[in-house]
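*Asks:* Give the three-dimensional model of this entry:
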Amino acid sequence: MPPQEAEAALREVVIEQLAASPETAQLSGEALETAVSAAVESNLSPWFRFFIGYDPGPALGGLHVPTLALFGEKDTQVDADQNQSAMEAALAASGNQDVTIRRFADMNHLFQTAGTGSPAEYAQIEETMAPEVLDLIGGWIAERFVD
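*Replies:* Take a look at the predicted model:
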């Protein structure tokens, strides 16, 4: 798709998403245009274009080191249902015998206890990271690497 067509299509999607979100549905005029332009610019950047097309499966399939993977069920950036099963399949193919995968019911992308999981909520949550997540990470590391 030519760049101008891609930008126009992306603008339409961004406007729909902003209108559907309670945090941004009230935007109009210059504020809406600023939000749309920022999202379009970000999504058309070389990094994002690489990121969106990157398949981590081959790299995960080659891991032969202790691996800890964590998912938050309220993560709106990395869908737990879609990504956990794909990660499990890739790690199973590696033959790695030390894989731990955990899922946290009320956690967002930052492993904060969250209401909605929306990135707009991150700064409103006082918790930096949920204690149970920190405990799991600390215990997992201690079991493997601390004498």
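
*Asks:* Now do the same contact list for the residue nearest to T116 when sequence neighbours are not counted.
*Replies:* Distance criterion C-beta to C-beta, 6 or more residues apart in numbering; nearest residue to T116, sequence neighbours excluded, is K74 at 6.9 Å. Every C-beta, even on glycine, is put in place using the N, C-alpha and C of the backbone. By C-beta atoms under 8 Å, 6 or more residues apart in numbering, K74 lies in contact with A105, D106, M107, N108, A114, T116, G117.

*Asks:* 7 Å instead?
*Replies:* K74 makes contacts with D106, M107, N108, A114, T116, G117, as judged by C-beta atoms under 7 Å, 6 or more residues apart in numbering.

*Asks:* Helix or strand for it, just tell me which one.
*Replies:* Taking DSSP states H and E as the definition, one finds K74 inside no helix or strand.

*Asks:* Below-threshold pLDDT in the chain: ranges please.
*Replies:* For the chain, no stretch has pLDDT under 70.

*Asks:* Would you show me how to pick out the buried ones of the contacts of K74 in PyMOL?
*Replies:* In PyMOL, a selection of the buried entries from the contacts of K74 looks like this (16 or more other C-beta atoms under 10 Å):
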select buried, resi 107+108+114+117
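
*Asks:* rewinding a little: look up how far G117 lies from the residue nearest to T116.
*Replies:* 3 Å (C-beta to C-beta, to the nearest Å).
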